[in-house]
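Peer 1: sequence and predicted structure, then a few things I'm wondering about:
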Amino acid sequence: MILTALSTALTAFVGGWWILPGPLFWLLLVAGIVYLARSRNGRPAGGGQETGIDVLERRFAEGELSLEQYRERRSVLEEKG
């Protein structure tokens, strides 16, 4: 009887402390995976706005601008800063 009560108390103490850290561990693990997946594109996970050079490079890659237009506009953007 005493051994059963002691065993129950010990199980509650040892097993019970995982109630908070266990789910917290999994929550942090999932949040870390999501953060890494979102930041793989080279930008912060919080997002960010496209810079003028980003837009220019995208438009050149899509064929909207000739090489001459691209170089001219890029030089203007680089002068501004």
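Peer 2: Right, received. Where do you want to start?

Peer 1: check the secondary structure at residue 76 for me.
Peer 2: helix (DSSP: H, G, I helix; E, B strand; the rest coil).

Peer 1: for the remainder of this discussion, apply numbering that starts at 519.
Peer 2: Got it, first residue is 519 now, which makes that one residue 594.

Peer 1: from residue 546, how far out is it?
Peer 2: Using CB to CB, to the nearest Å, we find residue 594 at a distance of 46 Å from residue 546. All C-beta spots, glycine's among them, are computed from the backbone N, C-alpha and C.

Peer 1: now swap in residue 586 and tell me
Peer 2: For residue 586, the distance to residue 546 (CB to CB) stands at 52 Å.

Peer 1: same check on residue 584?
Peer 2: 50 Å.

Peer 1: can you check residue 552 too?
Peer 2: For residue 552, the distance to residue 546 - CB to CB - is 11 Å.

Peer 1: equivalent analysis for residue 553, please.
Peer 2: Applying CB to CB to residue 553 and residue 546 gives a distance of 10 Å.

Peer 1: residue ranges in this protein under the pLDDT threshold?
Peer 2: Residue ranges of the chain with pLDDT under 70: 519-538, 559-566, 599.

Peer 1: now do the helices in it.
Peer 2: 520-534, 539-556, 570-579, 585-598 (DSSP state H).

Peer 1: domains for the protein, by residue range?
Peer 2: 519-560, 567-599 (automatic domain parsing).

Peer 1: much appreciated, bye for now.
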